[in-house]
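> Dropping a prediction and its sequence here:
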Amino acid sequence: MSQARDTSTRQQRSFPYELRSFPVRTVDGEVPGDIDHWMKAVSLGFYGNAPTPEIARRLVESQEVDGRVVTGAYLSDTEAPVGAWGVEYPVATYSYHRKTLNIGRGTLLPVHQITAVTVRPSHRRRGLLRAMMSSDLAQAKAAGLPIAALTASEATIYGRFGFGVATHECAIEVSVKGGIVFHNPAAAARGTVEVAEASTILQQHNEVFAQVHASRFGSIGRQDWYRFTASGQGNFESLDAVKNIRAALHYNAAGVVDGYVSYKPVTDPNRSAIEIVDLLAATEDAYLALWNFLGSLDLIDAITWAHAPEVDPLEWAMAAKRDYKRIRQEDLLWLRILDVPAALAARHYEGDGEITLHVGDPLGHASGVFRLMVDGGSAKVTRLADTVDAELNLGVAELSSLYLGGVSTQTLMAAGRVQENVPEAAARLDSLLRPTHSPHCLTHF
Ligand SMILES: CC(=O)SCCNC(=O)CCNC(=O)[C@H](O)C(C)(C)COP(=O)(O)OP(=O)(O)OC[C@H]1O[C@@H](n2cnc3c(N)ncnc32)[C@H](O)[C@@H]1OP(=O)(O)O
């Protein structure tokens, strides 16, 4: 299996790079040179504009709030070829911040969130990603993080490092000509929705997101930068406020803001549509009431949203269900269990029972045979000798996909990715892992 190759030997053959890590920070209110070079390398990798000094400062201040740590791979040579980027520019970038993942019943599990992975075109396929990922996951495991996460630019890169898809998001279009008719109009009219300046979202974001994060199964911690983009008060291209972003807040019966939507017109001369920029709702009341508000916008035929949940109460609240259309579904959150006993013991279980699992891990962090015993919804996980016969064999990527219940063991077995050694073992694991809700992550990073 290619995933199990010994990479340390391979890297020693030819690896003229040095990995250096440092926290994102300003120095005397300015962006230091090492961070500036690192950010320019990231913008090269993602084909973005190189950040202006003002945007770079705002980004760095924001990432400092997140506790962001960056890694660069630097050429060990003392000089670069004349005219090329100097050796102070990393040839590869990688970074992480650590927040929490809602794994159900309000339990927030510490999570190592990986982002900004790029390798300079002239240095690709020489093992830089593998070197950075291997070193970082080993450090995260050593630091006691039970799980790592990322959102992927391409679907075929990260399985080899033990990541599995855990949540999806859907791009939807809701036809709202004449408004949305709800099966139960009262359920979509709880609390109050009122228009606010978009800039208000900048202040409200963290408070509302904290409520959403605590209540939304599958939610992962958001970077500080989100409050700027959600409110149209700056993005990677410009710090100028976007003038056509509007916002509305939802107030619960006690007058507390527990949701908001920010939205803007879709640039399409052929139709009158609104695109949701960000929609956060800590309760189902807030969610339906905000959609009720969007449905009531005059002159608008359709609302689009790129980040809708896979299972959406809105679709089932609408009398004309077919006016709700899924345009696209894509993987969003990828998880990677680093510590099997810690991760499995942290979550709640709907059913009771026992099962023995053999987990394979190309990087070794999660490998082993484990006994999962669930009683009263709580799990005890014991590591057994590697020679013990397991009832199910699966890889860490598969276990990570199963972790939030976004897919079933039986489906992965049908896909040829899980091996059952005892009849009905897959069904037994499913009865333990069965989620009460479909996981929904609202955050890209
Ligand atoms: C979490 C995030 O930040 S997602 C964003 C990822 N970054 C991007 O998409 C930016 C553009 N792409 C890049 O910068 C680079 O091509 C990267 C980061 C994807 C890969 O970097 P490289 O240093 O070339 O990867 P490296 O040589 O270490 O390859 C490691 C393994 O991944 C595989 N691999 C690398 N890139 C890809 C790819 N695009 N698709 C599928 N497999 C890939 C390699 O074949 C290799 O496999 P093996 O070790 O099992 O034989």
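That came through, no problem. Residues are numbered from 1 along each chain as shown.
> Between the two ends of stretch 390-398, what distance do you get?
Stretch 390-398 stretches 16 Å from its first residue to its last (C-alpha to C-alpha, to the nearest Å).
> pretty sure W38 contacts A92?
No. Applying C-beta atoms under 8 Å as the test, W38 and A92 come out as separate, 10.2 Å apart. Quick note: C-beta positions are derived from backbone N, CA and C, even for glycine.
> which neighbours do these two share?
Common contacts of W38 and A92, defined by C-beta atoms under 8 Å, 6 or more residues apart in numbering, comprise G72.
> Near the single nearest residue of the stretch 201-350 of the chain relative to the ligand, how many residues? Count them for me, please.
Proximity to the ligand, evaluated over the stretch 201-350 of the chain using C-beta to the nearest ligand atom, is greatest for W334 at 8.2 Å. Number of residues near W334 (other C-beta atoms under 10 Å) recorded here: 25.
> same question, R130
Look at R130: counted by other C-beta under 10 Å, it has 16 neighbours.
> Ok, E61 next?
16.
> And it, how far from I114?
Using C-beta to C-beta, to the nearest Å, one gets 21 Å for the distance from E61 to I114.
> and if you look at Q204?
Going from Q204 to I114 by C-beta to C-beta gives 28 Å.
> which one of the two has more residues nearby?
Per other C-beta under 10 Å, whichever of Q204 and I114 has more neighbours is I114, with 26 against 20.
> low-confidence ranges in the protein?
Along the chain, segments meeting pLDDT under 70 span 1-13.
> What parts of it come near the ligand?
Where the chain comes near the ligand, counting by C-beta under 6 Å from any ligand atom, the residues are 2, 45, 114-119, 124-130, 150, 152-154, 156-157, 160.
> Give the ChimeraX command for selecting the buried subset of the residues you listed.
To isolate the buried ones among the residues of the chain next to the ligand in ChimeraX, judged by 16 or more other C-beta atoms under 10 Å, type:
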select :45,114,115,116,117,118,119,126,127,128,129,130,150,152,160
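> Where do the helices of this structure begin and end?
Using DSSP state H, the helices of the chain run over 7-13, 33-45, 53-66, 128-142, 199-215, 226-230, 284-295, 313-317, 340-346, 396-402, 409-414, 425-433.
> Which positions within the second one qualify as buried?
What that stands for is helix 33-45. Per 16+ other C-beta under 10 Å, helix 33-45 contains these buried residues: 34-45.
> now, among those, which is nearest to the ligand?
G45 (4.6 Å).
> There's contact between that closest one and Y94 in this structure, I believe.
No. Between G45 and Y94 there is no contact, the gap being 10.5 Å when judged by C-beta under 8 Å.
> which residue ranges form the strands in the stretch 101-250 of the chain?
Read by DSSP state E, counting those that start in this stretch, the stretch 101-250 of the chain holds these strands, from start to end of the chain: 108-119, 147-150, 164-165, 168-175, 192-196, 246-251.
> of all those, which lies closest to D339?
strand 147-150 (7.7 Å; C-beta to C-beta).
> picking that back up, now the strands of the stretch 101-250 of the chain in a markdown table, with distance to S219?
Shown next, in a markdown table, are these (distance: least, C-beta to C-beta, whole Å):
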| stretch | distance to S219 |
| --- | --- |
| strand 108-119 | 9 |
| strand 147-150 | 12 |
| strand 164-165 | 16 |
| strand 168-175 | 12 |
| strand 192-196 | 22 |
| strand 246-251 | 18 |
